[in-house]
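> No sequence on hand, only this structure:
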């Protein structure tokens, strides 16, 4: 009984230590729901709105052409991606929508700055035009 009284608090302490020292994820993990999400907007419509939203919210980090070379890029730690690359363009619209919406690392969440989902979808549509 004495052993249990000693081991039980130690087990809780070890569990608490593990819970607070688990390293953060080091890459994007997009939930399946978003990977398979279909873009509800017409990708050819309202590209000027998507471009204007991109210029306002994204260009300072990702650059005018989406190369990850915006004026704030040098001060950021993560890979900003190259929106023109085949690897980037191979992602589904849902994956891009998730990343644009919820962020990760240095990428901020935009659900509060742009609460209208359609605005973020229009940015996804515009980012598609940046492919090489």
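That came through, no problem. No experiment lies behind these values; they were computed from the predicted model shown.
> Which residue ranges of this protein form strands?
Counting by DSSP state E, the chain has no strands at all.
> which residue is nearest the middle of it?
The centre of the chain sits closest to residue 99, judged by Cα atoms, centre = their mean, with a distance of 2.6 Å.
> Setting the sequence-adjacent residues aside, check what's closest to that one.
Leaving aside its sequence neighbours, residue 99 sits nearest to residue 28 (Cβ to Cβ, 6 or more residues apart in numbering; 6.3 Å). Glycine gets a C-beta too; all of them are placed from N, C-alpha and C.
> Kindly provide the distance from the one you found to residue 35.
Residue 28 sits 11 Å away from residue 35, going by Cβ to Cβ, to the nearest Å.
> Those two: which is more packed in?
residue 28 (16 against 13; other Cβ atoms under 10 Å).
> hang on, the more buried one packs against residue 104?
Yes - under the criterion of Cβ atoms under 8 Å, residue 28 lies in contact with residue 104, with a separation of 5.5 Å.
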